[in-house]
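Participant: Take a look and give me a structure for this.
(2 chains, ligands or ions: 1)
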Amino acid sequence: MRWSLDSFCRTVTLLLALVARGFAQGGTSDAVGLPDEARYLNNALPDIRVQTIERPDLRLSDLWGDQPVLLTMVFARCAGICSPFLRSLKSTVDRVGGLGLDYRVVVLSFDPKDSPADMASLARHLGIPSDGNWVFGTSEPAQVQRVAAGMGFWFTWNAEREQFDHPAMIAGVRHGQILRLLIGGTVAPVRLREVVDELNGGFVKAYPLPGKALFRCFQYDPATQKYRPDWGFLLLFLPGSVALFGTFWIFRTARR
Amino acid sequence: MADTLDSAPSPYRGLTFVWILTVLALFPILVILGFFLRALQADYMTKLRPEWFYAVMTLHGLGMVGTWYVGSMAGVSYLLSRYVKPSVVISRIAFGATLLGVVLLLACTLIGRLGVGWYFLYPLPLHSKGVWPAWATAAFLGSLGVFGVGWTIWSLDLLRAIAQRYSFSAAMAWHYLRGKQNPEVPPLVLIVTVSMVSSLAGFVAAVVLLVLYVLELLGGFNNDALLMKNLTFFFGHVLVNITMYLGVAVVYELLPAYAGRPWKTNKIMALAWNTVLFLVMFAYLHHLYMDFAQPQWLQYLGQISSYLISVPAAVVSIFGALLLVYRSRMRWNLVSLLMCFGVMGWAIGGVAAVIDSTVAVNLRFHNTLWVPAHFHTYYLMGVVLMILAFAYYLGEQGSGIAERQGLTKLIVALIVLGGYGFLMMFYYGGAHSVPRRYAHYPEEVSQGIGQARVALVFISLLLVGLALYLWETARRCFKALSASSASS
Ligand code: HEM
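Facilitator: Residues are numbered from 1 along each chain as shown, chains lettered A, B, ... in the order given. Prediction:
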């Protein structure tokens, strides 16, 4: 009895230590450096001035005034995520459709060294036509900071690598207000379609936030606008089933 | 039903005294914590940081839920030992686990100031934002784990004990459904079987929940908040429901002896409790009405189950109790009075719960004081009174101390008046949109402050009644305990 009490206490202590270690490693669900969407929804973005190679004196409100906008921030010299991210955005936009009708895309540089010409050549390099539906521009550093702060975007200069550290993200904006954030370097068509739906007055009840979820209860299919049960839903049957089988087992064995 | 008031001496007797005296010691402390919460809401302690409110609320909530769960389990185990043989050793293990869990809970709330509320809704325990340290969450999850293990083993043991005498179909009274009366199955056995199967399901849900928490902590991925909420309420709601049913089982077993009439299992009762076993797994869905990510068909299921579940358990039992008492030669004393008021509290709390489980109403009442109002009614004025009746009954047997009628009336009057006065302030606040779980009421709902002040007066009355009750019961229990140990 004494041994088992000892080992019980040791097991409990070990478990507590393991869980505490999980905390110490910061294993909470916050994905590091990514903005918490809930804090930015419905934020009104500042209506700043933007320069593009075609239109040197543009305001953001000129862009979101008649159409919702997908707003993203990159820098032209980026050797990391920016190009693959924009490529992914472009191919997803092509797949989802509706560009020019339902929304336009604004790509704003946060690098004070970028000029409208740099942004235009980035667009050319990616094979994106400058037809007014894709807008590549720059702005004053202080103005850019205000927009970045409003949508939870951040960037810091890394002198060693001579590159900016920053996340890849898109803000879905309607009449200057943030309706959704799409976070991550790869833009999934399912998610973009949801954002476009929402920007055009649809109501998307649920969608996954960044970070890997182990089991989901339901998966929302924006194509059919329906939910289908996912693996997590099966977990909800587990308690009842285990209890019933356990009970049958007890009643079968106890009477022997 | 046992035909005499005096129960046969059972090995369970001594241990039941230990359980019940522990419950009686914890209860006033937890009520005083409740008083403290209301005093904060009454703006009497403005200097105190709100974190204290949430830490104490967590301790009070989980402490009360746990206390009355073990109290009702101890009660039914004792009464069940008239028919079957539950294990004394297992009950001791459950007691040890409960004590260990309580120590961890005290540490994480009072030292660590963990304030996640009694059902620790995901992901709050993982986001303390510096209010409580990491070890407090670990200790909290540890305490839930320890409670869970101890109580699951206890539930399994009660099922085992029943299974040794009855087949599953007999314990579930299925033969009554076919019009047969043999073998005779006491309502206590039927209700405990239904409750234990349900509580096993609840505990499995808790295990899955805890495993997902620990996996998230160790594995660095997120859990699905909707899944976690479903599991949390599956467990929490079932635990609360089961406690209620166990309290009712005590009434089924004890009240007939005071009414001088039997209360036997019949076809309707069998049907009612079998239906409960099915519906109790779905009623929890009403906690997710405001989660629009939950598919609509589950919301319908929640509404329908919540309505239906009140019929078999509550209506059948309440009408049964009324018929039992009506025109009987009722022996009114503290036990029978508390049991009848307990059934009344269950009925009132049940009606308030059904109102709140109506989607259209829930839209307004969600997270207002109406919620604590309804569950405090069926707990404080329901199951608590039933178990207090059992505790007094236990002491009454073998202590030989005569009951003073005047004092009994005073105790019941103070408890009922104090209790309902306290509850009225919750209901009134809820009906006027005063939110629940606010440490300090802001300007917009400042009327909550006045309501909390009135509530404090009633809580004080209740505390006086409780002190008298405790004195009367504890001295009987101690005397009966020493008498039974002297004779053994
Ligand atoms: C006179 C006795 C009691 C008093 C004065 C009292 C007081 C309170 C107060 C003021 C709150 C916070 C309400 C709010 O949300 O603003 C509360 C919450 C709660 N109480 Fe009581 N209570 C009493 C008895 C009970 C009993 C018998 C139970 C039985 C289980 C209980 C269980 C709970 C629970 C579960 C909560 C919710 C905690 C949470 O939201 O996490 N209380 N109580």
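
Participant: how about the strands in the stretch 101-250 of chain A?
Facilitator: Here the stretch 101-250 of chain A has its strands, by DSSP state E, counting those that start in this stretch, at A:104-109, A:134-137, A:156-158, A:163-165, A:169-174, A:177-183, A:218-221, A:226-229.

Participant: which bits of the stretch 151-300 of chain B sit near chain A?
Facilitator: Residues of the stretch 151-300 of chain B lying close to chain A by CB under 8 Å from any CB of the partner chain are B:156, B:159-160, B:163-164, B:167-168, B:171, B:196-198, B:200-202, B:204-205, B:208, B:212, B:214-224, B:226-227, B:230-231, B:234-235, B:281, B:292-293, B:295. Just so you know, the C-beta spots here come from the backbone N, C-alpha and C atoms, and that holds for glycine as well.

Participant: give me that answer again for 7 Å
Facilitator: Listed as neighbours of chain A in the stretch 151-300 of chain B under the rule CB under 7 Å from any CB of the partner chain: B:156, B:159-160, B:163-164, B:167-168, B:197, B:200-202, B:204-205, B:208, B:212, B:214-218, B:220-224, B:226-227, B:230, B:234, B:281, B:292-293, B:295.

Participant: Quick check, the residue in the stretch 1-150 of chain B closest to chain A?
Facilitator: The minimum distance from the stretch 1-150 of chain B to chain A, using CB to the nearest CB, falls at residue B:134 (3.4 Å).

Participant: Excluding sequence neighbours, find me the nearest residue to residue A:184.
Facilitator: residue A:210 (5.8 Å; CB to CB, 6 or more residues apart in numbering or on different chains).

Participant: So that neighbour is in contact with residue A:181, correct?
Facilitator: No - Residue A:210 is not in contact with residue A:181 according to CB atoms under 7 Å; the separation is 9.1 Å.

Participant: Phi first, then psi, for the closest residue to residue A:103 other than its chain neighbours.
Facilitator: Leaving aside its chain neighbours, residue A:103 sits nearest to residue A:68 (4.5 Å; criterion: CB to CB, 6+ apart). Residue A:68 adopts backbone torsions of phi -60, psi 160, taken as degrees, to the nearest 10.

Participant: what sits against residue A:68?
Facilitator: By CB atoms under 7 Å, 6 or more residues apart in numbering or on different chains, the contact list for residue A:68 reads A:102, A:103, A:172, A:173, A:174, A:199, A:200.

Participant: Residue in the stretch 251-400 of chain B with the shortest distance to the ligand?
Facilitator: Closest residue of the stretch 251-400 of chain B to the ligand, CB to the nearest ligand atom: residue B:379 (3.7 Å).

Participant: Ok, the stretch 101-250 of chain B next?
Facilitator: At 3.1 Å from the ligand, residue B:117 is the closest residue in the stretch 101-250 of chain B, using CB to the nearest ligand atom.

Participant: Return the residues in contact with that residue.
Facilitator: B:57, B:58, B:61, B:437.

Participant: Tell me how far the last one lies from residue A:179.
Facilitator: Same thing as residue B:437. Residue B:437 sits 30 Å away from residue A:179, going by CB to CB, to the nearest Å.

Participant: Could you give the number of residues near the residue of the stretch 1-150 of chain B closest to chain A?
Facilitator: Residue B:134 is flanked by 19 other residues according to other CB atoms under 10 Å in any protein chain shown.

Participant: what's the neighbour count on residue 109?
Facilitator: Just going to use chain A. Neighbourhood size, residue A:109 [other CB under 10 Å]: 26.

Participant: should've been chain B
Facilitator: 28.

Participant: The stretch 251-400 of chain B: helices as residue ranges?
Facilitator: All helices of the stretch 251-400 of chain B, identified by DSSP state H, counting those that start in this stretch, fall at B:267-279, B:296-309, B:316-325, B:334-356, B:359-365, B:370-378, B:384-399.

Participant: still on that earlier bit, now narrow the contacts of residue B:117 to whatever sits close to chain A.
Facilitator: Among those, no residue lies close to chain A (CB under 7 Å from any CB).
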